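>>> this one's structure only:
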């Protein structure tokens, strides 16, 4: 009751009138500014600026009300000196509102970044919640420190507790942060065909917080901890593109016309590339002779498939077609053989 009397005396009315007038003017300025900003962000091609403007609307309104309140208090310092809670509000108001605005701004930018990276909505919400808790916690600590409350014991307790939790959940946390790495750096993505250094290979079926699931071509699923994925040498057959080059090793007899062999082989390979599913139709196959073998002139036939898993069918059809064409063209595919020259025995 006494506080109400203080507010509605002459000094209080002046302070109240000043606060209302300041708030009225600030809200007019804010509305004009917001109209200009809405037109500006509507003309851009990105969407994060529209979301940011809308999410800052509420905090800015609270900031105007708080600023108007402080202006009114400046006209009534006697009231502030009598009530400790008013001094506390003066000290921590900007900190809390600033924390709120920083939190919303960072969340908008983070969500835009994660969306561009193709991160799922559930993951975005989880990461956003962690970031918001961290920002609000730092804001509360800053407010307590401003009020003169010692935060050293709080930080020490949190440090000891965090260390105990980290030791107890060492493997789990390791897999958790490895999952973050896989999401953000994206050395592998869901749907990629990969091979690990231990020989495990297949399609990435799921990347979770603790483990990654690989669906093998044998129709089985291998569950691998995220830390092992991060520490392994990974061959990703879908990066930078899904189509890959393959080689088929062949050999012909020493009496073969190598120019004719090259021409016939490339013709067959071109037909395979265009007619068999999985081949790259516009790719130009190539023959590269590489060495003189024990029983044949060896060479590689270079082909290209749309995906690593298409190579089995392409090789299968290529071998059949080349074998038939070589028989037709009388090109010799020699059996492994070794010729031994023995000196003629001396006449006795």
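Everything's here; your move. The model shown is predicted, which means the values in this text are computed figures rather than measured ones.
>>> can we go C-alpha only for contacts and neighbour counts from here?
OK.
>>> same for the strand or helix carrying residue 300, what does it pack against?
In this structure, residue 300 sits in strand 297-305 according to DSSP states H and E. Packing contacts for strand 297-305, counted by 3 or more CA pairs under 8 Å, 6 or more residues apart in numbering; DSSP states H and E, involve strand 244-252, helix 258-275, strand 286-292.
>>> can you list the ones you listed in TSV and add mean pLDDT and distance to residue 30?
Listed next are these as TSV, based on pLDDT from 0 to 100; distance: least, CA to CA, whole Å:
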stretch	mean pLDDT	distance to residue 30
strand 244-252	93	57
helix 258-275	95	65
strand 286-292	95	69
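>>> Throw these into a markdown table and include mean neighbour count, thanks.
Converted to a markdown table, the helices and strands packed on strand 297-305 look like this (neighbours: other CA atoms under 10 Å):
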| stretch | mean neighbour count |
| --- | --- |
| strand 244-252 | 17 |
| helix 258-275 | 17 |
| strand 286-292 | 14 |
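>>> Out of those, flag the one nearest residue 118.
strand 244-252 (24.0 Å; CA to CA).
>>> strands paired with that closest one, and their directions?
strand 297-305 (antiparallel) (DSSP bridges).
>>> Now do the strand it pairs with against strand 286-292, angle only.
With axes from the mean of the first three to the mean of the last three CA atoms, to 10 degrees applied, the angle from strand 297-305 to strand 286-292 works out at 150 degrees.
>>> which residues are in contact with strand 297-305?
Here strand 297-305 makes contact (CA atoms under 8 Å, 6 or more residues apart in numbering) with 243-254, 265, 269, 273, 278-280, 283-292, 311, 314.
>>> low pLDDT regions in the stretch 101-250 of the chain?
119-123, 151, 154-173, 175-176 (pLDDT under 70).
>>> can you pull out the helices in this structure?
2-7, 10-42, 48-74, 77-82, 84-116, 121-146, 152-168, 170-185, 226-231, 258-275, 311-328 (DSSP state H).
>>> quick one: which of those helices is nearest residue 214?
helix 226-231 (10.8 Å).
>>> what's the closest one packed up against?
helix 170-185, strand 211-215.
>>> In the protein, which residue is most central in space?
residue 184 (3.0 Å; CA atoms, centre = their mean).
>>> Give me the nearest residue to that one, chain neighbours excluded.
Sequence neighbours aside, residue 117 is the residue nearest to residue 184 in space, at 7.2 Å (criterion: CA to CA, 6 or more residues apart in numbering).
>>> ok, the one you found to residue 212 distance?
Noted for residue 117: a distance of 18 Å to residue 212, by CA to CA, to the nearest Å.
>>> same check, this time on residue 316
32 Å.
>>> Looking at these two, which has the bigger crowd around it?
It is residue 212, of residue 316 and residue 212, that has more neighbours when counted by other CA atoms under 10 Å, with 24 against 10.
>>> partners of the more buried one in the sheet?
residue 207, residue 224.
>>> residues touching it, list them.
Per CA under 8 Å, 6+ apart, neighbours of residue 212: 204, 205, 206, 223, 224, 225, 226, 229.
>>> ok, 7 Å please
Residue 212 is in contact with 206, 223, 224, 225, 226, counting by CA atoms under 7 Å, 6 or more residues apart in numbering.
>>> would JSON lines of those residues with neighbour count and distance to residue 150 be doable?
Output for the contacts of residue 212, formatted as JSON lines (neighbours: other CA atoms under 10 Å; distance: CA to CA, whole Å):
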{"residue": "206", "neighbour count": "15", "distance to residue 150": "46"}
{"residue": "223", "neighbour count": "15", "distance to residue 150": "47"}
{"residue": "224", "neighbour count": "15", "distance to residue 150": "46"}
{"residue": "225", "neighbour count": "21", "distance to residue 150": "42"}
{"residue": "226", "neighbour count": "26", "distance to residue 150": "40"}
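>>> With distance to residue 17 added, can I get those in a markdown table?
A markdown table is the format used below for these (distance: CA to CA, whole Å):
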| residue | distance to residue 17 |
| --- | --- |
| 206 | 62 |
| 223 | 68 |
| 224 | 67 |
| 225 | 65 |
| 226 | 62 |
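>>> Tell me the one of the residues you listed nearest residue 306?
Among those, and counting by CA to CA, the member closest to residue 306 is residue 206, at 22.8 Å.
>>> Can you tell me, leaving aside adjacent residues, what's nearest to the closest one?
residue 213 (5.1 Å).
>>> Just confirm that neighbour contacts residue 226, I think it does.
No: taking CA atoms under 7 Å as the definition, residue 213 is not a contact partner of residue 226, at 9.6 Å.
>>> ok, now how distant is residue 23 from residue 334?
96 Å.
>>> Pick out whichever of those two has more residues nearby.
More neighbours surround residue 23 than the other of residue 23 and residue 334, with 21 against 13 (other CA under 10 Å).
>>> Let me see the contact set for the closest residue to the more buried one other than its chain neighbours.
Spatial nearest neighbour of residue 23, excluding adjacent residues (CA to CA, 6+ apart): residue 68 at 5.1 Å. Going by CA under 7 Å, 6+ apart, residue 68 touches 19, 20, 22, 23.
>>> Alright, that wraps it up for me.
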